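Engineer: Whatever this is, show me its structure:
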Amino acid sequence: MGHHHGHDHNHTHGANKKVLMISFFIITAYMIVEVIGGFITNSLALLSDAGHMLSDSISLGIGLLAFTLGERAANYSKTYGYKRFEILAAVFNGVTLIAIALYIFYEAYYRFTNPPEVASNGMLIIAIIGLLVNIFVAWLLIRGGDTEENLNLRAAYLHVIGDMLGSIGAIIAALLIMFFNWGWADPLASVIVAILVLGSGWRVTGDALHVLMEGTPRNIAIDEVISAIKEVKGVTHIHDLHVWSITSGQHALSCHAVVDGSLTVEESQKIIHAIEHQLQHKGIGHVTIQIENTSHLHENSIICKKNYDLTEDHHVHDH
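Structural biologist: Residues are numbered from 1 along each chain as shown. Next comes the predicted model:
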């Protein structure tokens with residue numbers, strides 16, 4: 001069972017990496033075009049979209065680096081390998097987005113008070129090409145990668161969707177300037193992009209910090225996990241339960257399961273396998289269970305009915 005799970009994980013890992021690499025090169029190339037276009041046409045909307053694309057490019061680049069580092073084998077100093085790097089990358093990525101958004105707000109404020117001349121034709125052409133590039137990359141990420149489970153890929157995908165909206169904003173602003181000579185449409189479009197950038201930056205940072213704080217994975221319901229363990233025949237109750245994520249899509253659990261004192265070692269092993277099997281279905285791959293019998297209970301053990309105990313107590317017991 002575990003082997004099959006590992007094989008699936010490696011397969012999606014390879015697909016994710018390939019998709020990230022193609023997307024990285026496309027986005028980076030177009031971001032450079034958009035920066036040059038933004039300066040030539042004097043459009044803040046294009047520059048803010050390029051800023052968003054830069055953050056895309058950073059996020060994709062870091063994602064690639066994270067995947068490559070994550071492949072390095074675990075060793076004595078890093079027993080989980082380098083898989084957490086992906087989460088650190090997501091934090092960096094989120095903070096970069098927030099900084100870019102704040103800079104765009106600052107720049108837009110000056111443009112509202114004193115709108116400069118914008119070359120709207122050039123702006124329109126560059127924004128339309130930008131939109132097509134983003135649609136293609138978003139399609140690539142959805143089709144080839146795992147945007148549901150993988151934090152890095154999801155971050156990249158959210159960036160690209162934000163970019164797409166940014167390009168649409170720049171297109172509308174260019175048309176408003178062309179037809180109505182509304183100079184303020186350019187900074188307005190850039191502010192809308194900045195709000196989107198800020199939102200996705202905030203979300204990505206929050207999700208990544210939750211993982212770093214060893215928070216319970218958002219898609220795991222603790223109540224269901226407790227019920228699943230207690231359904232196993234022979235388990236009277238559990239305590240010292242911890243559930244956390246190693247990296248996106250890889251969840252771990254440790255707990256002490258109390259069983260009837262008269263069970264043999266073989267029967268205890270069967271209980272452990274049954275619990276592991278139950279938890280596989282709940283999306284938890286790394287499971288560590290310490291079996292205790294009723295005569296070896298912790299003094300301060302709280303029985304898991306609805307509330308569960310997260311004591312700091314870690315005595316070693318005889319199995």
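Engineer: Backbone dihedrals for E231, please?
Structural biologist: With angles defined as degrees, to the nearest 10, E231 sits at phi -70, psi -20.
Engineer: and what of I284?
Structural biologist: Dihedral angles (degrees, to the nearest 10) for I284: phi -110, psi 110.
Engineer: Then H242?
Structural biologist: The phi/psi pair for H242 (degrees, to the nearest 10) is phi -130, psi 130.
Engineer: Which secondary structure element is home to the residue lying closest to it once chain neighbours are set aside?
Structural biologist: Spatial nearest neighbour of H242, excluding adjacent residues (C-beta to C-beta, 6 or more residues apart in numbering): S254 at 5.1 Å. Yep, even glycine has a C-beta here, placed from its N, CA and C like the rest. For S254, the element it lies in under DSSP states H and E is strand 250-259.
Engineer: Which elements pack onto the next helix or strand after that strand?
Structural biologist: The helix or strand immediately downstream of strand 250-259 is helix 265-281, counting by DSSP H and E. Counting contacts by 3 or more C-beta pairs under 8 Å, 6 or more residues apart in numbering; DSSP states H and E, helix 265-281 is packed against helix 222-230, strand 250-259, strand 286-293.
Engineer: so what's the residue lying farthest from the centre of the chain scoring on pLDDT?
Structural biologist: The centre of the chain is farthest from one residue, S262, which by C-alpha atoms, centre = their mean lies 45.7 Å away. pLDDT for S262: 75.
Engineer: can you check L47 too?
Structural biologist: 86.
Engineer: what's the answer for T41, then?
Structural biologist: T41 is given a pLDDT of 92.
Engineer: how many other residues sit next to it?
Structural biologist: Close neighbours of T41, defined as other C-beta atoms under 10 Å, add up to 24.
Engineer: Give me the mean pLDDT for stretch 74-86.
Structural biologist: The model assigns stretch 74-86 a mean pLDDT of 76.
Engineer: For that stretch, list the C-alpha coordinates in PDB.
Structural biologist: What follows is stretch 74-86, C-alpha atoms only, in PDB (Å, rounded to 0.1, in the frame of the first residue of the first chain):
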ATOM      1  CA  ALA A  74      17.200  12.300   3.700                       C
ATOM      2  CA  ASN A  75      20.400  12.100   5.900                       C
ATOM      3  CA  TYR A  76      21.300  12.000   9.600                       C
ATOM      4  CA  SER A  77      21.100  15.800   9.900                       C
ATOM      5  CA  LYS A  78      17.900  16.200   7.900                       C
ATOM      6  CA  THR A  79      15.800  13.100   8.500                       C
ATOM      7  CA  TYR A  80      13.000  14.300   6.300                       C
ATOM      8  CA  GLY A  81      15.300  15.300   3.500                       C
ATOM      9  CA  TYR A  82      14.800  18.800   2.100                       C
ATOM     10  CA  LYS A  83      11.100  18.700   1.500                       C
ATOM     11  CA  ARG A  84      10.400  21.600   3.800                       C
ATOM     12  CA  PHE A  85      12.300  23.900   1.500                       C
ATOM     13  CA  GLU A  86       9.200  24.000  -0.600                       C
END
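Engineer: For P115, grab the count of nearby residues.
Structural biologist: As a burial measure, P115 scores 16 neighbours (other C-beta under 10 Å).
Engineer: Secondary structure element for it, which one?
Structural biologist: Here P115 is assigned to no helix or strand, by DSSP H and E.
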